[in-house]
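Undergrad: Build me a model from this:
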Amino acid sequence: MTPRIRIPADELRESFVRSSGPGGQNVNKVATKVELRWTPSTSSALSFDDRAWVMSKLGGKLTLDGELIVTSDRHRDQPRNRADAAEKLAAIVRGALFRPKPRKKTKPSRRANQRRIASKKKRSEIKSSRRVGSSQD
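TA: Coordinates of the predicted model:
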């Protein structure tokens with residue numbers, strides 16, 4: 001999954017069903033669609049903090065039992081769909097584990113403030129000189 005997290009194979013459950021996609025005559029005979037199930041709440045691959053973070057990020061994608069279900073029927077054969085489902089799961093977990101860098105509060109420098117005020121005053125003078133009946137005629 002990631003350099004620091006590896007999901008053990010015994011935590012993943014695979015099931016195969018008939019695919020609705022391309023496959024010609026095989027589409028009605030061969031179960032090529034892959035359903036990959038993983039329960040992050042009981043996973044030994046995640047630390048306590050990571051588990052809480054992942055559960056909060058994946059909340060809407062989990063079933064009522066707390067399982068994450070990833071399916072793949074992109075390809076016509078089962079091994080390629082298995083690999084595709086594993087890649088999808090890895091991408092989802094990587095995305096859920098991503099923690100954005102906290103923003104540091106910054107403040108404009110005094111010189112930047114002075115430049116901003118000066119440009120506003122200059123613009124104000126330009127506009128006020130356009131007014132009808134200005135005192136500068």
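
Undergrad: alpha carbons only for contacts and neighbour counts from here, please
TA: Fine.

Undergrad: could you give the mean pLDDT of the host helix or strand of Lys120?
TA: Element membership for Lys120 (DSSP states H and E) is helix 110-130. Averaging pLDDT along helix 110-130 yields 96.

Undergrad: Go through it and flag the buried ones.
TA: Across helix 110-130, burial judged by 16 or more other CA atoms under 10 Å covers no residue at all.

Undergrad: which helices and strands does it pack with?
TA: Contacting helix 110-130 under the criterion 3 or more CA pairs under 8 Å, 6 or more residues apart in numbering; DSSP states H and E is no other helix or strand.

Undergrad: how far is it from where the chain is centred?
TA: 43 Å (CA atoms, centre = their mean, to the nearest Å).

Undergrad: The residue nearest the centre of the chain: which element?
TA: Nearest residue to the geometric centre of the chain (CA atoms, centre = their mean): Gly95, 4.5 Å. Secondary structure from DSSP H and E places Gly95 in helix 78-97.

Undergrad: what about this protein, any weak spots by pLDDT?
TA: Residues of the chain meeting the criterion pLDDT under 70: 1-3, 21-24, 26, 133-137.

Undergrad: Need the CA coordinates for the helix holding Lys120. PDB is fine.
TA: Provided in PDB are the C-alpha atoms of helix 110-130 (Å, rounded to 0.1, in the frame of the first residue of the first chain):
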ATOM      1  CA  ARG A 110       4.700  46.800   7.200                       C
ATOM      2  CA  ARG A 111       6.300  47.800   3.900                       C
ATOM      3  CA  ALA A 112       3.700  45.700   2.000                       C
ATOM      4  CA  ASN A 113       0.900  47.400   3.900                       C
ATOM      5  CA  GLN A 114       2.300  50.800   3.100                       C
ATOM      6  CA  ARG A 115       2.500  50.000  -0.600                       C
ATOM      7  CA  ARG A 116      -1.000  48.800  -0.600                       C
ATOM      8  CA  ILE A 117      -2.400  51.900   1.200                       C
ATOM      9  CA  ALA A 118      -0.300  54.200  -1.100                       C
ATOM     10  CA  SER A 119      -1.700  52.500  -4.300                       C
ATOM     11  CA  LYS A 120      -5.300  52.800  -2.900                       C
ATOM     12  CA  LYS A 121      -4.700  56.500  -2.200                       C
ATOM     13  CA  LYS A 122      -3.300  57.000  -5.700                       C
ATOM     14  CA  ARG A 123      -6.300  55.200  -7.300                       C
ATOM     15  CA  SER A 124      -8.700  57.300  -5.200                       C
ATOM     16  CA  GLU A 125      -7.100  60.500  -6.300                       C
ATOM     17  CA  ILE A 126      -7.300  59.400 -10.000                       C
ATOM     18  CA  LYS A 127     -11.000  58.700  -9.600                       C
ATOM     19  CA  SER A 128     -11.800  61.800  -7.600                       C
ATOM     20  CA  SER A 129     -10.200  63.900 -10.300                       C
ATOM     21  CA  ARG A 130     -12.700  62.600 -12.800                       C
END
